[in-house]
Structure formats: structure tokens, C-alpha cells
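J.: Need coordinates for the below:
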Amino acid sequence: MTVRDDTTESPAVPAPPAPPTRRARARRWIRAGVLVVMVVSAVTVLAANREAVLDALTEISPGYVAAALPGAIAAMLAALIVWRSLLADLGSPIAWRDAARVFYLSQLGKYVPGTVWSMVAQVELSRDLRIPRRTSLAVGVLAIAVSVTVGLTVGSAILLVAAPGVAEHFRYFLFAVPLLLTVLHPAVLTRLLNLAYRLLRRQPLPKAPSWGGMLRAAGAQLLVWMCLGLHIWPFLVGIGADPLESLPVAIGGYALAYSLGQLAVGLPAGAGVREAALVLAFAPLLPGGAAAALVVALISRVTLIVVDVLMAGLQRLIARRAPATPPPAEEPEAA
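T.: Next up, the predicted model:
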């Protein structure tokens, strides 16, 4: 006689998620506050340049403005490749969607005075992906180092060939190129970063940067500078520059000017420094001289701010529809 077992195993019911801790709630509010500050800072920069940009738009056809957008967007996509490749090289590869969310939201931090806020935002947002603070901070430093080194090197090389008279204005900054190239050596970078972490009583990097990783990042950064040059080139042509003569100067001059702006610690997105360098680079090309070059510099800055805000807003919309990311595990203080 067969005895029927009526006891059946019920499917496992997942436990309800634990309520967020007080610390997690505080982090959420602080993060929201920082995001608001970054957005307000970007909008403030836009408002401060409103009249100058409106005047500039009377001198440049809307068609040239539209032609500048693809280059700006392509540059932002290439910049994402730089950041993500450095992150993977240091042992924290992440999906493209996650990389885009962290990178584009954090880019608004560069409009807050103090330079470091973009990196602070990257470190905080990267915690959701369980990336150690020391890794995301190192990637932020490396990204700036790669950007400035490639920008000064390529920009000066292009201008020395295409516009020696323009390159003469930047001759004093060219002495920094050999030093920067030395610093980008993986062994030197590793020692410098780990020394900084030791002084901060933090653990060393879990993985040192490699030659392959640095070369991939440098190649992608070269693409960034080419795209940014193609972004500003239509403005130069639209205001009277010769198309063929101005193209190499647009790429080289913008790479140099943007790099010098990145070195201006304390100024939001290199405000003032970038524009002054662009005026020096572009004034000889334009019938209107320095005044016309300043118009180009201002409308370029506003265009890039708009692209930054749109890219960040797009990531916020995507994040709202994406499944919630589990809260990160608490890192030990030494990490």
C-alpha cells in the first residue's frame, strides 16, 4: 500500500528588503542635494552668458550652430570611453549603461567652483556599483592627467605645424609636456597614487595601471580632442574664418585651451582661462579679431553646457526606469 505524502514544499518566499539605515537615508539626501547644486551651477553659468550668447547668435547662422552639436556629442561619448577604459584597467570593469550614468551625472560637478566636485560625484555614484573609493578617485585623477597630457602634446604639435605664430603664444606651457609624459608612465603613476593613499592612511590600489590601459585611454582622448575641434570649427567658419586654414587650428587650439582650463584649479570648468586661450588661438583667423574669437569661445562653452545637461538628464530618465541598484556594502575605513 502506497502512502501519499500530502506535504509539498512551498516555494521559497524572498525576504522583504531591509529598510534603509539612517546612514543610507542621509547619503540619499546628500546625493540629491549635491545633484541640485551641480545643476544650479550649470544653469547659473548659462544665465551669466545669456546676453553674450544671444548677441553671438545674431552673427552666426543657426545652421552653423546645428553643425557644432554632433562634434560636441561625439566628444562626450569618447570621453566616456576614456573613463570606462581607465576604470577597467584598474580592475573595476562595468557595463556601458552604468558607466554612462556615473560619468554623465558627475560631469555637472565641473561647473561647481573647486574642480574636485566632478571627481567627488564620481566616487559617490561609483559606490552603487561596489567600486572602491580609492579606485574611482584614482580614475578621476588619471582621466585629468591623460586629458591634459594628450591635449598639450597634440595641440602644440598641430599648432607648431599649422600655425607657428599661434603656437608661439603657448610656448611656456610646452615645457610641461615632457614632465607630464613622464608622469603618465604606469610605474610612476602607481608610485605617486599609492604614496598619496599612504599619506591619507588608505590602502594601495588593488591593481596598478598598465601600458595597454594608458594607451587605450590616450587613444580615446585623442578622439575627444578631434571631436571638440570639429565642434568649434563650424563657429569659426560661420564667423568668417577660412575653412581649410581654420580646421587644424580649431583642433589644436581647442585641445590646448581646454587643457589649460583643466589646470585652473578653483575655476568652474576652467572659466576664463579657456576663453582667453581660445582668443589667442583664433583671433588671427577671424576678420573680427579678438572680439570675434571671444564670441566663438562663449557660444562654444554654452553649447557644451547644454550638451552636458542633456546627457545628465537623459541618464536620470534611464535610471528611473531601470531596476533599483542594491545598496553598496560598507567599505572598511582603510579602503
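J.: any low-confidence regions in this protein?
T.: 1-59, 114-115, 265-270, 319-335 (pLDDT under 70).
J.: just the helices in it please.
T.: 22-48, 50-57, 62-89, 96-106, 117-126, 133-162, 164-168, 176-183, 186-199, 211-238, 243-263, 273-282, 289-321 (DSSP state H).
J.: and these as TSV, adding mean neighbour count and distance to Leu205?
T.: Glycine gets a C-beta too; all of them are placed from N, C-alpha and C. Converted to TSV, the helices of the chain look like this (neighbours: other CB atoms under 10 Å; distance: least, CB to CB, whole Å):
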stretch	mean neighbour count	distance to Leu205
helix 22-48	14	24
helix 50-57	14	43
helix 62-89	19	11
helix 96-106	21	19
helix 117-126	22	14
helix 133-162	21	6
helix 164-168	14	37
helix 176-183	14	16
helix 186-199	14	6
helix 211-238	21	12
helix 243-263	23	23
helix 273-282	22	31
helix 289-321	18	27
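J.: how many neighbours does the residue nearest to Ala241 when sequence neighbours are not counted have?
T.: Once flanking residues are discounted, Ala241 sits nearest to Leu285: 4.4 Å by CB to CB, 6 or more residues apart in numbering. Leu285 has 23 neighbours, counted by other CB atoms under 10 Å.
J.: repeat for Arg201
T.: The burial count for Arg201: 8, using other CB under 10 Å.
J.: picking up where we left off before, does the residue nearest to Ala241 touch Pro248 like I think?
T.: No. Counting by CB atoms under 8 Å, Leu285 does not reach Pro248; the two are 10.7 Å apart.
J.: Now do the contacts for the spatially most central residue of the chain.
T.: Centroid-nearest residue in the chain, with CA atoms, centre = their mean: Gln107, separated by 5.5 Å. Counting by CB atoms under 8 Å, 6 or more residues apart in numbering, Gln107 touches 76, 118, 308, 311-312.
J.: Quick one: the residues you listed as TSV, columns for distance to Val302 too.
T.: Output for the contacts of Gln107, formatted as TSV (distance: CB to CB, whole Å):
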residue	distance to Val302
Met76	15
Ser118	19
Asp308	11
Met311	15
Ala312	16
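J.: Nearest to Ser92, out of those residues: which one, please.
T.: Ser118 (18.0 Å; CB to CB).
J.: about what we covered before: which residues are in contact with the residue nearest to Ala241?
T.: Taking CB under 8 Å, 6+ apart as the criterion, Leu285 is in contact with 236, 241-242, 245-246, 249, 293.
J.: what about Phe175, neighbour count?
T.: Phe175: 8 neighbours (other CB under 10 Å).
J.: How about the one 10 residues further on?
T.: Burial of His185 is recorded as 13 neighbouring residues (other CB under 10 Å).
J.: how about it, phi and psi?
T.: phi -60, psi 130 (degrees, to the nearest 10).
J.: show me the contacts for it.
T.: So His185 contacts nothing (CB under 8 Å, 6+ apart).
J.: now do 10 Å
T.: By CB atoms under 10 Å, 6 or more residues apart in numbering, the residues touching His185 are 191, 209, 211, 214.
J.: my read: the first one touches Pro209, true?
T.: No. Distance between Arg191 and Pro209: 11.2 Å, which falls outside the contact criterion (CB atoms under 10 Å).
J.: and Pro93, what are its phi and psi?
T.: phi -70, psi 140.
J.: Give me the neighbour count for it.
T.: So Pro93, with other CB under 10 Å, has 12 neighbours.
J.: mind listing what it touches?
T.: Contact analysis of Pro93 by CB under 10 Å, 6+ apart lists 84-85, 87, 99, 131.
J.: Adding distance to Ala257, write those residues out as a markdown table.
T.: Below are these laid out as a markdown table (distance: CB to CB, whole Å):
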| residue | distance to Ala257 |
| --- | --- |
| Arg84 | 25 |
| Ser85 | 25 |
| Leu87 | 27 |
| Ala99 | 27 |
| Ile131 | 32 |
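J.: Out of the residues you listed, which is nearest to Thr182?
T.: Distances from Thr182 to the contacts of Pro93, taken by CB to CB, are shortest for Ser85, at 21.4 Å.
J.: Is it correct that the closest one is in contact with Gly219?
T.: Yes. Ser85 is within contact range of Gly219, at 9.0 Å (criterion: CB under 10 Å).
J.: coming back round to it: now, among the contacts of His185, which is nearest to Pro70?
T.: Pro70 has its nearest neighbour among the contacts of His185 in Met214, at 28.2 Å by CB to CB.
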